[in-house]
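Peer 1: sequence first, predicted model second:
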Amino acid sequence: MNEKLHHAKKTQVVLLGTGTPNADPDRSGPAVAIVVGDNSYLVDFGPGIVRRAAQAYRDGIVELKPKNLKRAFLTHLHSDHSVGYPDLIFTPWVLDRDEPLKVFGPKGLRSMTDHILAAYQQDIDERLNGLEPANNRGCEVEVNEITPGIIYQDENVKVKAFPVKHGSFEAYGYKFYTSDKTIVISGDTAPTETIIDYARDCDILIHEVYSSAGVKERSKEWKKYHTNVHTSSYELGEIASKAKPKLLVLYHQLFMLDIHSDDIDLVSKVAQREYEIVEEVKEIFDGEVISGKDLDVY
C-alpha cells in the first residue's frame, strides 16, 4: 500500500443523506461522501444516494458526478443503509461509469451483491446485447468482506474499519485519514469505547443520535430497542467529551416523532426536537456541534 497521501486538494465531507428508516422527504437514507483529490469515497448507500450525489455535483462538487461513484463502504446490512445499492451499481453504469464498483463491508455483502446482480440480469443482458451502447465493466462489482483494521488505501486516503455495537449485526464504523483531515463515521451503534478510541482528537466525528427526551414517549418495546442499539444525545455528549473531536456532526437523527402525521405543527415540532437534541449533546460536550442536513458540506 502507498504510504504517502496526495496533497493536491483539501478534503470535503458531503452529507448525501442523514435520514433513518422513516420516509422523510427532506432526508434521504444514510450516505456520506468523503471527497479528496479527484475522487469520492462513499459510506453507506441509503435510498436516494445517486440523485443526492447528482445534486451535489450540480452544486459544484464534480467528484460526485454519478459516473465518478466508484468506491463505497457499508457499515452494516440494515435496509435503510443499503437499499440504494442497486441504484449505486446500475445508475452510474448507465451514465458511463466504465470500471467496476469497489465495495467494502461486513459478511453478507457478497451474498447481497450476488442476489442484486441476479435480480437485474435481464436488465444487464438487454443493455449489453441490445441497441444501447453500454460498456461491459461498469455493472461489475468488486466485493470485499472486511475485518477490523486497514481495509483500503490509495494516494488520497487510508481507511480503517472498527467494530461497533448494533444488535446482532456485524457492524463497522470507519476512520478516514487524508493529508489534511481525520474523519470518523459511526454508522449505527450503541455507545462503545471503540468509538472514543478512534475518534480521539479527530477533525470531524459524524455520529448517529436519538433524542433523549423523545425516547421517553416511545412504547416499552421501542424504548428497549433504541436504548440498546443506538446512542442517545446525552450518551453522545459523553462520547464527544472524551474523544474531543474538533467538529461533531449529528446524522441519522431519530427525533422520536411521527413524521407522517397530519399535525399542522409537525414541521415546527421537528425543528424544535432537532434543536433540543443539539442542546442535550452540548450540556455535556462543550465543543462545536452541528445537526447535519442533506447536502451539507464540511
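Peer 2: Received, thanks.
Peer 1: ok, which stretches of the protein are helices?
Peer 2: Counting by DSSP state H, the chain has these helices, from start to end: 49-58, 79-82, 85-94, 109-119, 121-129, 193-199, 220-229, 233-243, 266-282.
Peer 1: what about the residue most central in space within the chain, distance to Tyr85?
Peer 2: Centroid check for the chain by CA atoms, centre = their mean gives Ala31 as the closest residue, at 3.3 Å. Counting by CB to CB, to the nearest Å, the gap between Ala31 and Tyr85 amounts to 11 Å. All C-beta atoms are positioned from the backbone trio N, CA, C, and that covers glycine.
Peer 1: got any residues that touch both of the two?
Peer 2: Listed as contacting both Ala31 and Tyr85 by CB atoms under 8 Å, 6 or more residues apart in numbering are Phe45.
Peer 1: quick one: low-confidence ranges for the stretch 151-298 of the chain?
Peer 2: Within the stretch 151-298 of the chain, no stretch has pLDDT under 70.
Peer 1: how about stretch 94-105: buried residues?
Peer 2: Residues of stretch 94-105 classed as buried by neighbour count (16 or more other CB atoms under 10 Å): 97, 100-105.
Peer 1: re the thing from before, dump the helices of the chain into CSV; add distance to Ser211 as well.
Peer 2: Output for the helices of the chain, formatted as CSV (distance: least, CB to CB, whole Å):
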stretch, distance to Ser211
helix 49-58, 24
helix 79-82, 18
helix 85-94, 29
helix 109-119, 31
helix 121-129, 41
helix 193-199, 19
helix 220-229, 9
helix 233-243, 6
helix 266-282, 5
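Peer 1: quick one: which of those is nearest Pro66?
Peer 2: Nearest to Pro66, of all the helices of the chain, is helix 85-94, at 4.6 Å by CB to CB.
Peer 1: just the C-alphas of the closest one, formatted as CSV.
Peer 2: In CSV, the C-alpha atoms belonging to helix 85-94 read as follows (Å, rounded to 0.1, in the frame of the first residue of the first chain):
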residue,chain,number,x,y,z
TYR,A,85,-27.2,-0.4,-3.5
PRO,A,86,-28.8,-1.4,-6.8
ASP,A,87,-29.0,2.4,-7.7
LEU,A,88,-25.3,2.7,-6.9
ILE,A,89,-24.4,-0.3,-9.1
PHE,A,90,-26.5,0.4,-12.1
THR,A,91,-27.3,4.1,-12.5
PRO,A,92,-23.6,5.3,-12.7
TRP,A,93,-23.0,2.4,-15.2
VAL,A,94,-25.9,3.6,-17.4
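Peer 1: contacts for it, please.
Peer 2: Residues from elsewhere that reach helix 85-94, judged by CB under 8 Å, 6+ apart: 42, 45, 47, 49-50, 66-70, 72, 101, 112-113, 116-117, 119-120, 123, 127, 134-135, 138-139, 141.
Peer 1: please repeat the previous calculation with a cut-off of 7 Å.
Peer 2: Where contact means CB atoms under 7 Å, 6 or more residues apart in numbering, the residues beyond helix 85-94 that reach it are 45, 49-50, 66-67, 69, 72, 101, 112, 116, 120, 138-139, 141.
Peer 1: I'd say Pro191 and His230 touch.
Peer 2: No. Assessed by CB atoms under 7 Å, Pro191 is found out of contact with His230, at 9.2 Å.
Peer 1: who has more neighbours, these two?
Peer 2: Here Pro191 and His230 are compared on neighbour count by other CB atoms under 10 Å; more neighbours surround His230, at 23 against 19.
Peer 1: where's the more buried one relative to Phe45, distance?
Peer 2: Distance, His230 to Phe45, using CB to CB: 20 Å.
Peer 1: same check, this time on Lys10
Peer 2: Distance of Lys10 to Phe45, given as CB to CB: 25 Å.
Peer 1: give me the neighbour count for Ile196.
Peer 2: The number of residues near Ile196, taken as other CB under 10 Å, comes to 17.
Peer 1: just Ile49 next, same as before
Peer 2: Ile49: 28 surrounding residues under other CB under 10 Å.
Peer 1: now it, nearest residue through space, not along the chain?
Peer 2: In this structure, Ile49 finds its nearest non-sequential neighbour in Gly84, 4.0 Å apart by CB to CB, 6 or more residues apart in numbering.
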